[in-house]
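Chemist: predicted model, plus sequence, below.
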Amino acid sequence: MIRVPCRAQFRTFSLIVNIALRRIHRQATQPNPINNLLMLSLPLTIPEWPFLKKQNSVYYKYWNNNTDEIIDYADDLYKNQKYIEVYENLNRLKYMNNPEILWRIARALYKLSCTPDLPSSISNLMILEAVDVVNHALSVGNDNANVHKWTAIILDCKYNMEGIKAKINGLETIRYHITKAVELDETQTALYHMLGKLAYDLASLNWFQRKLANVLFEEPPSGSYEVAYDCFLKAEQSTPGFYVGNLVMLGKSAIKLGRLQQAKYFLQLASHYIPMTEEDKKLKLEAKTLSHTLDELNKDILPKAEDELQ
């Protein structure tokens, strides 16, 4: 059987609740020294709160607009090969028309497009996005060496995607941007490597590709292994061991020029290079393979040369 409270019991309960509420109100309105000390210890403005100063916080990522801080943080992420984080931190600012931000976004997209086992469809979309970014960068920072440098790299990827005709047709455009970057900043070692790579690729065009170049250009772009070797050597002398790929290209250029001892020297250096990325590992393996091939070649050549001397 359910008991229903009487009216007197309701009045008693109501009185108790009212007394409790009055006590709560009185305590809230009276000064409390402990509460005052706590309030004084709290920061007065939100920007001083520690969680906003942490660069890995979502607040920092999406609401910090200090360009210098963002760029420094992005560069630290890039050094640690955290390319997707670089993209996330910079991409929201691409409409600020800051070329320093734009070429870094393109660089991150390029690195992401080189991710092992990444589907080519996604890699191609990243390069196409990077093309839009560098075009934007050129429109607001045509006097920036890094803008031209990364424009050359991104366009080379785009032309490779589009086929041999596009690649040959775009050679002069790539040469222009690399040359422009060198004019704006002669201290960048990587630019001389890029000039060497362009000269090497031009010298390596096969018969069909040369015929196609003759059709596309009144004066087809030209390159030589000698020029390529000199560019790679200049880069290496400027900053020794800056890139294992430069050592490999020095070895390959020396082979093309018949300088087998020089080729062996540079390929041995590349074979002992400490790889930092997947690309470095592949280039180191290529250097070891070429070096082994040279050893086998010397085994065949030296005995024959000794027989001829006798």
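Modeler: Structure's in. What do you need?

Chemist: for the nearest residue to Ala263 once chain neighbours are set aside, phi and psi?
Modeler: Leaving aside its chain neighbours, Ala263 sits nearest to Ala254 (3.7 Å; criterion: CB to CB, 6 or more residues apart in numbering). The way it works is simple: take the backbone N, C-alpha and C, and place the C-beta from them, glycine included. When read as degrees, to the nearest 10, the backbone of Ala254 gives phi -60, psi -40.

Chemist: ranges for the helices of the stretch 201-310 of the chain?
Modeler: Assigned by DSSP state H, counting those that start in this stretch, the helices in the stretch 201-310 of the chain fall at 207-216, 225-238, 244-256, 260-271, 278-309.

Chemist: can you count the residues close to the residue nearest to Ala263?
Modeler: Number of residues near Ala254 (other CB atoms under 10 Å) recorded here: 23.

Chemist: where in the stretch 51-200 of the chain is pLDDT low?
Modeler: When residues are selected by pLDDT under 70, those of the stretch 51-200 of the chain lie in 51-62.

Chemist: sec struct for Asp143, please.
Modeler: At Asp143 the chain is in coil, as set by DSSP: H, G, I helix; E, B strand; the rest coil.

Chemist: and the contacts of stretch 106-115?
Modeler: Stretch 106-115 has contacts (CB atoms under 8 Å, 6 or more residues apart in numbering) with 78, 81, 83-84, 86-87, 90, 118, 123-124, 126-127, 129-130, 133-134, 137, 150-151, 153-154, 157, 278-279.

Chemist: what do you get if the cut-off is 6 Å, keeping everything else the same?
Modeler: For stretch 106-115, contacts defined as CB atoms under 6 Å, 6 or more residues apart in numbering pick out Tyr83, Val86, Tyr87, Ser123, Met126, Ile127, Glu129, Ala130, Val133, Val134, Trp150, Ile154.

Chemist: now swap in stretch 73-86 and tell me
Modeler: Residues from elsewhere that reach stretch 73-86, judged by CB under 6 Å, 6+ apart: Gln55, Asn89, Leu90, Arg104, Ala108, Lys111, Leu112.

Chemist: and those residues, which is closest to Gly245?
Modeler: Lys111 (14.4 Å; CB to CB).

Chemist: check whether that closest one sits in a helix, strand or coil.
Modeler: Once three-state DSSP is applied, Lys111 turns out helix.

Chemist: roughly how far apart are it and Leu247?
Modeler: 21 Å (CB to CB, to the nearest Å).

Chemist: and what of Lys165?
Modeler: 32 Å.

Chemist: repeat that for Ala181.
Modeler: 22 Å.

Chemist: same question for Phe266.
Modeler: Distance, Phe266 to Leu247, by CB to CB: 5 Å.
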